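Chemist: show me how the following folds:
(chains A and B)
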Amino acid sequence: MTLTESPDLLIVEDNPNDLELTLRALRKKSVVSGIVTVKDGAEALDYLFYRGRFAKRPQCTPKVIFLDLKLPKVDGMEVLRQIRSNDRTRTIPVVMLTSSQQERDVMESYRLGVNSYIVKPVDFEKFAESIAQIGLYWLGLNHPNR
Amino acid sequence: MAKRSRRHPRPHEDEIFLKSVLDNIPDMIFVKDAKNLRFVRFNKAGEKLLGHRQKDLIGKNDYDFFPKKEALFFIRKDRAVLRKRKMVDIPEEPIHTRTRGIRILHTKKIPLFDASGKAQYLLGISEDITSRKNTEEALRKSYDQLETRVHERTAQLSRINKALRESEERYRMLLSSLTEGVVVIGADGKILSANSGAERIMGLKEQQLIGRSIYDPRWGVLKEDGTPSPSEEFFTVASLRTGKPFANIVIGLRRVDGELIWLNGSTQPLFHPGEKEPYAIVTSFFDVTGRRKMQAEIQNLNTQLEQKVEQRTSELKAAVGELEAFSYSVSHDLRAPLRAIEGFSGILLEEHAESLNEEGKRLLQVVRKNSLHMSQLIDDLLSFSRIARKDFIKKRVPMEDLARLVAEDQNAASKGADVLVGRLPDALGDTALLRQVWTNLLSNAFKFTRQNPAPRIEIGAQEEEKETVYFVRDNGVGFDMKYVGKLFGVFQRLHSVEEFEGTGVGLAIVQRIVHKHGGRAWAEARVNDGATFYFSLPKIEKPS
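Modeler: Residues are numbered from 1 along each chain as shown, chains lettered A, B, ... in the order given. Down below sits the predicted model:
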């Protein structure tokens, strides 16, 4: 976990391999500077709502959240639900970054207000390409509502 | 007398008195002289009866007034009276009168004697019994007729009686041979008669049944649903009160041994002509206890079956849920390590290429290729399993446009085959699924014609009676019909991965989709002589 004063990106990912590949892809395309990573949904919520070990962290909000669906403790869908039902976090862009192609998951995510739904490709080249594009879009091109 | 009146010129007082007496007697009185049997005296009643005046009669005899045969009869009687010297009673004798036809007389003829005891006169007293006789005759005739009629009627009655007895006997036989119980119930609700069926069903002898009332609480009548039936709802009571027939009413009854039996009963009220209230009702019934028990058992079994079905359904739902969880797992968890293998192999090749020799690099490529292939296998397997659960949106699908579109897409990716699209009838089905069918069949066609210098693919259809058969024909490598049975199985391949890439799921998906649409899929081919893949779909019913 990296902690910066003003993070560009919060990554919620329990698989260290996937996390490493994601970070490598972002670094390779040098998209972002500040990245915060957490290992499960509970940590993600703690981070976002200044609870637990994040209770005393400085007040700041990530520009975009990469959220895995299948997470220990609190799953990605629940994290998304809580982000969208809180006024302070409601407007943060959330990108589902997952292995699940289940139509049910896709539909439910969009229903809860996800901004993008990305199925992680097995092919690393494609994976890196997708991550970079998504990062560029939400951090570089998109004008956050702030 | 004329002689005497000549002797006594002045009528004697006695003579006047006698004449007056005689003339007032309603019967005919005449006197004949014993010697010649000539009339010497006649009273008024005689004049009236015979229709002759006294003066015309006196001095004449019977031959002068009556037919010879009749006169002879009178005279013979007269002679007999005089000879026997005693009265003769002639109860009936016909006589011809001048004005009143033949009359019947009851005559008494009496001899009158003189002082010396010699018969001097014959006195006749005749009562006209014609009308009495006629009345008697009429009476006798009517009596005879009556007797005849009585006789006839008696015979008739006896015939009817016999017929009745026979008919009754027949009905009794019929009733006693019936397995149904039949009882006749009087207007007072008491049983008048019962057949052997009723005895058997009720467990009572006819003599015990007779006189027992339908209001008797010992029957313990239950309604069809098993609740006690109020007396007025008991159908025999209702039938007796309303005069209406009832049919197929199911009730419960207590037999004398306490056993509960179920009966199906019907009633027929009997009426005397012109009366509105029945004088009796005939109730027939049969035992449905066994049937009811069986019905209860069937119902019980049905309930059990339903419970079982419900249980199985929920088990199945759970199994499907598990399967979904499983496929979710497969999709998510199996892919993650693959991604790591592929990703890190790639990184190794990219960032550490200088520390690897050519063989090391080749081996790493093999690792990457296989992880990608496995990823494809997982994807295909997932999409195959998804078809079974996918919601099915049925609508009219323009198959010709769909096939053409898919073919163009595929052809653009390949090196360009000669594609012919025939006329394809529309189908009823899920557009996305049918697109998948065309995609899989056409990608196969393009794939297996790749080695042909002039690849040619033909898409067509033929309409059968109830279904449309669509086909994709190619001039590719074909296959051995020996293995046609394996063709549509999951992960079944007839070619090596080196020759033709693929996971062996495409045709399995085709078959599953076609089956889901109520159709069939099959193929024909020869090695190195092309293949034709067919699938059929039910025809769209024309709106009538």
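Chemist: and the next helix or strand past the helix or strand hosting residue A:78?
Modeler: Taking DSSP states H and E as the criterion, residue A:78 maps to helix A:76-84. Later in the chain than helix A:76-84, the nearest helix or strand by DSSP H and E is strand A:94-98.
Chemist: quickly list what residue B:90 is bridged to.
Modeler: For residue B:90, the beta-bridge partners are residue B:107 (DSSP bridges).
Chemist: ok so, going back, show me which positions of the helix holding residue A:78 end up buried.
Modeler: The neighbour-count check on helix A:76-84 (16 or more other Cβ atoms under 10 Å in any protein chain shown) flags A:76, A:77, A:78, A:79, A:80, A:82, A:83 as buried. From N, CA and C alone the C-beta is placed, and that goes for glycine too.
Chemist: check which helices and strands the helix or strand hosting residue B:237 sits against.
Modeler: Using DSSP H and E, residue B:237 sits in helix B:235-242. Counting contacts by 3 or more Cβ pairs under 8 Å, 6 or more residues apart in numbering or on different chains; DSSP states H and E, helix B:235-242 is packed against strand B:246-254, strand B:260-270, strand B:280-287.
Chemist: which bits of the stretch 351-500 of chain B sit near chain A?
Modeler: B:371, B:372, B:375, B:379, B:382, B:386 (Cβ under 8 Å from any Cβ of the partner chain).
Chemist: which residues touch the third one?
Modeler: For residue B:375, the contacting residues are A:122, A:123, B:335, B:338, B:339, B:342, by Cβ atoms under 8 Å, 6 or more residues apart in numbering or on different chains.
Chemist: and the average pLDDT for the helix or strand hosting it is what?
Modeler: Element membership of residue B:375, judged by DSSP H and E, is helix B:358-389. In this model, helix B:358-389 has an average pLDDT of 84.
Chemist: domain map for chain B?
Modeler: For chain B, automatic domain parsing gives the domain ranges B:2-128, B:178-287, B:296-384, B:391-538.
Chemist: now distance to residue A:53 too, for the ones you listed, in JSON lines please.
Modeler: Output for these, formatted as JSON lines (distance: least, Cβ to Cβ, whole Å):
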{"stretch": "domain B:2-128", "distance to residue A:53": "158"}
{"stretch": "domain B:178-287", "distance to residue A:53": "70"}
{"stretch": "domain B:296-384", "distance to residue A:53": "27"}
{"stretch": "domain B:391-538", "distance to residue A:53": "44"}
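Chemist: closest to residue A:137 out of those?
Modeler: domain B:296-384 (21.8 Å; Cβ to Cβ).
Chemist: what about that closest one, start to end distance?
Modeler: Start and end residues of domain B:296-384 are separated by 46 Å (Cα to Cα, to the nearest Å).
Chemist: quick one: name the residues of chain A near chain B.
Modeler: A:15, A:17-18, A:21, A:24, A:69-70, A:98-103, A:120-125, A:127.
Chemist: one step back: what's the most distant pair in the residues of the stretch 351-500 of chain B next to chain A?
Modeler: B:371 and B:386, at 22.4 Å, using Cβ to Cβ across these.
Chemist: return the helix or strand in chain B with minimum mean pLDDT.
Modeler: helix B:2-7 (a mean of 50; mean pLDDT, DSSP states H and E).
Chemist: what is the subsequent helix or strand relative to that helix?
Modeler: Taking DSSP H and E, what comes next after helix B:2-7 is helix B:13-23.
Chemist: other residues contacting that next one?
Modeler: Counting by Cβ under 8 Å, 6+ apart, B:29, B:41, B:43, B:44, B:45 sit against helix B:13-23.
Chemist: may I ask which of these has the most neighbours?
Modeler: Neighbour counts for those (other Cβ atoms under 10 Å in any protein chain shown) peak at residue B:43, which has 23 neighbours.
Chemist: my read: it touches residue B:29, true?
Modeler: Yes: with contacts counted by Cβ atoms under 8 Å, residue B:43 reaches residue B:29, the gap being 4.4 Å.
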